[in-house]
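> just coords:
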């Protein structure tokens, strides 16, 4: 007889400058960070357990990011997806803070030239928004395109990363 190990999904919700966020994980790693005000909100599963303390470090680092005090996240992440998606998500984390890359450039960089659409699809399935910076990927012409949280949130995140776009934590808006 084989024993089945079940891992409880922990979650927390919290407000941010881009709206309500829902975080998921197992108490050791972050498996998801979803924008609840975007086009694809995530509902807590019936067997999920609310555990705000498990995401205290994520909340702290996000707070620093939103005020411009943090450029890179230092969190254990475990996004779940296909091998191709994982390659795309790993490559997203290599795009420097404040910079952008086109879907085609990203496809080329991961060794799949000509697969900008597949890269775009994987980018759109990124389960850990902001921390895995899918907002840094733009269209070939330099236009903002496709973002699960909406283009206004993509613009806000890119503005946060620009030297003149830092959020004033007291006002909750760009200075």
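Sure, I can see it. On a predicted model such as this, the values are computed, not experimentally measured, just so you know.

> Show the backbone phi and psi for residue 116.
phi -60, psi -40 (degrees, to the nearest 10).

> repeat for the one 3 residues further on
Main-chain torsions, residue 119, degrees, to the nearest 10: phi -60, psi -40.

> That one: neighbouring residues, count only.
By other C-beta atoms under 10 Å, 26 other residues sit near residue 119. (C-beta placed from N, C-alpha, C; glycine too.)

> for residue 55, same thing?
Around residue 55 there are 24 other residues, counting by other C-beta under 10 Å.

> pretty sure it is in a helix, no?
Yes. Remark: residue 55 belongs to a helix, assigned using DSSP: H, G, I helix; E, B strand; the rest coil.

> pLDDT score assigned to it?
For residue 55, the model assigns a pLDDT of 97.

> same deal with residue 39?
Value for residue 39, per-residue pLDDT: 72.

> looking at this, it is in a helix?
No. Secondary structure of residue 39 (three-state DSSP): coil, not part of a helix.

> and it, what does it touch?
With contact set as C-beta atoms under 8 Å, 6 or more residues apart in numbering, residue 39 has these partners: 148, 149, 150.

> how about 7 Å then?
Residue 39 sits next to 148, 150 when contact means C-beta atoms under 7 Å, 6 or more residues apart in numbering.

> Distance of it relative to residue 151?
The spacing between residue 39 and residue 151, counted by C-beta to C-beta, to the nearest Å, is 11 Å.

> Measure how buried the residue nearest to residue 37 when sequence neighbours are not counted is and give me the count.
In space, residue 37 comes closest to residue 19 once its chain neighbours are excluded; the distance is 3.4 Å by C-beta to C-beta, 6 or more residues apart in numbering. Counted with other C-beta under 10 Å, the neighbours of residue 19 add up to 15.

> got it, and residue 25?
24.

> Please name the nearest non-neighbouring residue to residue 109.
Here the residue nearest residue 109, using C-beta to C-beta, 6+ apart, is residue 91, at 5.9 Å.
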